[in-house]
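# Task: produce atomic coordinates for the following.
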Amino acid sequence: MDLTALRTAHPDHWSKATAIRALTLDAVAAANSGHSGMPMGMADVATVLFERHLKFDAANPLWPDRDRFILSAGHGSMLIYALLHLVGDVQFPIEELKNFRQMGARTAGHPENFLADAIETTTGPLGQGIANSVGFAMAEEIQRATYGDKVVDHHTYVIAGDGCLMEGVSQEAITLAGRHKLSKLIVMWDNNNITIDGPVSLSDHTDQVARFKAAQWHTIEIDGHNPDEIDAALTEARKSDKPTMIACKTHIALGHAAQDTSKGHGALTDADQMAAAKAAYGWTTGPFEVPADVKSAWESIGKRGASERQAWEERFDKMPRSKRETFNRALALDVPKKLSATIKAFKKQISETAPKLATRASSEKVLEVINPIMPETVGGSADLTGSNNTKTADLGVFDIDNRAGRYVYWGVREHGMSSAMNGMALHGGVRPYGGTFMCFTDYARPAMRLAALMQIPTVFVMTHDSIGLGEDGPTHQPVEHLAISRATPNTYVFRPADTIETAEAWEIALTSKKTPSVLSLTRQGLPTVRTEHKNTNLTEKGAYTLVDAEGKRQVILIATGSEVSVALQARDLLQADGIGVRVVSMPCMELFAAQDEAYRKRVLPGGAVRVGIEAGVRQGWDQWLLGERGKFGKADFVGMDSFGASAPAEELFVKYGITAQNVADKAKALL
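Got it, this is the predicted structure:
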């Protein structure tokens, strides 16, 4: 690569792009770790994007109508950190770059959305950024249709690498984007032909341009180091009626001794090689020093969008007051004032009529009263709409000819759906929820973990939650999945016992601002166990006494979901024998763990023997059976310690011992 020709042909551009490369080399060397090559290779693309196309105001990184920039190739995090420092983002002074990858710095090894306002999403697990971007673009379409293009009209730009495109979730993402003609989504592929192990050809021969074309994308191929070609491609992309993939042919670690090698992917810290690269760039300042004229030019780029933002604010202020209030409320993740009263009225009706319903059907009934008063909800299902019960009549279907539709048919794309829902939540102004079978949290898992890590309130509606789904058998019967979700930090896992607990779980999920929720719902019908109406949201406590003992309390039965009714039946058997039994419903272990000691002691006092009942594995239960004043030898568990089988549900519960009689027998054996 002739760097001299690049420098002389476009000197102003070269100096700005070189600032990114130099800062990357300095920061990675200071940390003695990181990934130098991608920022060095994509510096030209990023410079043209920020200088000539990206709509943003560095002084107001949360401006709602900004263009979104997603670094899907998150290992190249110094690209975004260098850019944010250069444009004058106050959260990225030079000290942050000097502390790259150090404790407490905003400049984490991979970009983390909660550390800085201008970082749109947490990337690093490859493919997640490009999958998030589909949700960003969908949210923009929905909001533009709802509020008008004077208030919502922006693009989503993505830089993705070879690894992002190898990950399977990228296929789910790009076919979704192509199907929905998300024309404001523009992906810039860093086509450098290098992975950690060596050239891409070691493991892949995919024609990526043909792949995107087949998914109904507009495609453009360019020299990723030629600013004129980059500019022309971005201009063309913005005019397309399809999403666009720009294949940017680049050189990883441009200008360094490790250029075009797998070594160039990682940390380039050799002092002599760094000095040689900077000399080739014509960069003469010391470490972390940017010439004043170059920094000034970049800061002008950061201010370029200020007038456009001010004009937007004037347009926004002219929008009808009710629309402004709804827009701001949804953006702040606040719920309508009437939500609480709506849930209370619904609960009262259910406690009086006491229907027997599968909690997936209960969930649909709750959504029927919530969705009309929360226009920011966007529902969907991974090709299981009729089974997940996630669609209500008022939503309308999101499609090319109905951008205001609030229901997405995601197809058989659990991972893509979950990642895109995260993108919607990150975009702002939208509260996404989507459904599949509980067993297929396995397919959605990477995105569910990232929702928790990113502190966003995505709602995962997981139905068919146990052997209770019956004949579909062990491939579809979740056994370990509750434990997996509960093991994830910052996640609410709800397993409601009836329609009332389901309503309470939805209220918590939709008022959460920083915690995602998993709703584990049944296929089989369950009786209403809460027949006495209470305005209080008892699920908010995580666990509570559903029925107390008659006479001396000798046994506490703790159950979730479909097994709460089993616990109540077991109580009847034990009480008939003169054994006092308290039944505790525990719809959310995480919320119960968050209660103060005094409340937990009231619900789970010492003295009585304990039996936990849940049609899943025991893992996670001993905190409540042996801890919290429980004792080894005075506690047992009724649940699953193997995979299930294909048979009618009622036969399966007998086969695996999840019956009232077995619970009663276990309790007696402990006394």
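# pLDDT wise, what is A214 at?
Confidence at A214, expressed as pLDDT, is 98.
# That one: neighbouring residues, count only.
Using other Cβ atoms under 10 Å, A214 is surrounded by 12 other residues. The C-beta positions use only the backbone N, C-alpha and C, and glycine is treated the same way.
# what does A444 give?
Counted by other Cβ under 10 Å, the residues lying close to A444 total 24.
# My guess is it contacts R413. True?
No: with the criterion set as Cβ atoms under 8 Å, A444 and R413 do not qualify as a contacting pair; they are 9.7 Å apart.
# Quick check: which ranges of this protein have low pLDDT?
Across the chain, no stretch falls below the confidence threshold (pLDDT under 70).
# How about the secondary structure of R309?
R309 falls in the helix class when you classify it by DSSP: H, G, I helix; E, B strand; the rest coil.
# Chain neighbours aside, what residue packs nearest to it?
D57 (4.5 Å; Cβ to Cβ, 6 or more residues apart in numbering).
# Can you pull the residues that touch both of A444 and R413?
Common contacts of A444 and R413, defined by Cβ atoms under 8 Å, 6 or more residues apart in numbering, are absent altogether.
# Angles on the backbone of the residue lying closest to L23 once chain neighbours are set aside, please.
Excluding the flanking residues, the one nearest L23 by Cβ to Cβ, 6+ apart is A82, at 4.3 Å. The phi/psi pair for A82 (degrees, to the nearest 10) reads phi -60, psi -40.
# For A82, list the residues it contacts.
Under the criterion of Cβ under 8 Å, 6+ apart, the contact partners of A82 comprise 19-20, 23-24, 27, 39, 97.
# one more time with 10 Å, if that's ok
A82 makes contacts with 19-24, 26-27, 39, 43, 46, 92, 97, 100, 107, 290, 298, as judged by Cβ atoms under 10 Å, 6 or more residues apart in numbering.
# Report how many residues lie close to the spatially closest residue to H110 that is not a sequence neighbour.
Spatially, and ignoring its direct neighbours in sequence, H110 is nearest to G124 (3.1 Å; Cβ to Cβ, 6+ apart). As a burial measure, the neighbour count of G124 was computed by other Cβ under 10 Å and equals 19.
# Next, G124: secondary structure please.
Using three-state DSSP, the three-state assignment for G124 comes out as coil.
# follow-up on the earlier one: can you flag the buried ones in the contacts of A82?
Taking 16 or more other Cβ atoms under 10 Å as the criterion, what is buried in the contacts of A82 is 19-24, 26-27, 39, 43, 46, 92, 97, 100, 107, 290, 298.
# coming back round to it: the residue nearest to R309: neighbouring residues, count only.
D57 sits with 20 neighbouring residues when counted by other Cβ under 10 Å.
# That one touches P64, doesn't it?
No: D57 is beyond contact range of P64, at 11.5 Å (criterion: Cβ atoms under 10 Å).
# between these two, what contacts are shared?
When contacts are counted by Cβ under 10 Å, 6+ apart, D57 and P64 are jointly contacted by 309, 312.
# tell me the contacts of M319?
Contacts of M319 were listed using Cβ under 10 Å, 6+ apart, and they are 147-148, 150-151, 325-327.
# give the contact list for R144.
Contacts of R144 (Cβ under 10 Å, 6+ apart): 65, 150-154, 184, 403-404.
# Report the secondary structure state of it.
R144 is classified as helix under three-state DSSP.
# residue ranges for the strands of the stretch 101-250 of the chain, please.
Counting by DSSP state E, counting those that start in this stretch, the segments of the stretch 101-250 of the chain that form strands are 156-160, 185-191, 194-195, 198-199, 218-223, 244-249.
# Quick one: distance of the longest one to the chain centre.
It refers to strand 185-191. Per Cα atoms, centre = their mean, to the nearest Å, the displacement of strand 185-191 from the mean C-alpha position of its chain is 21 Å.
# Around L202, how many other residues sit close by?
Applying other Cβ under 10 Å, I find that L202 has 9 neighbouring residues.
# That one contacts D162, doesn't it?
No: using Cβ under 10 Å, L202 and D162 do not qualify as a contacting pair, with a distance of 11.1 Å.
# what residues are shared contacts of the two?
T195.
# ok, now how distant is I579 from G163?
The spacing between I579 and G163, counted by Cβ to Cβ, to the nearest Å, is 60 Å.
# So which of the buried ones among the contacts of A82 sit within helices?
19-24, 26-27, 39, 43, 46, 97, 298 (DSSP state H).
# of those, closest to V87?
Proximity of those to V87, judged by Cβ to Cβ, is greatest for W298, which lies at 5.6 Å.
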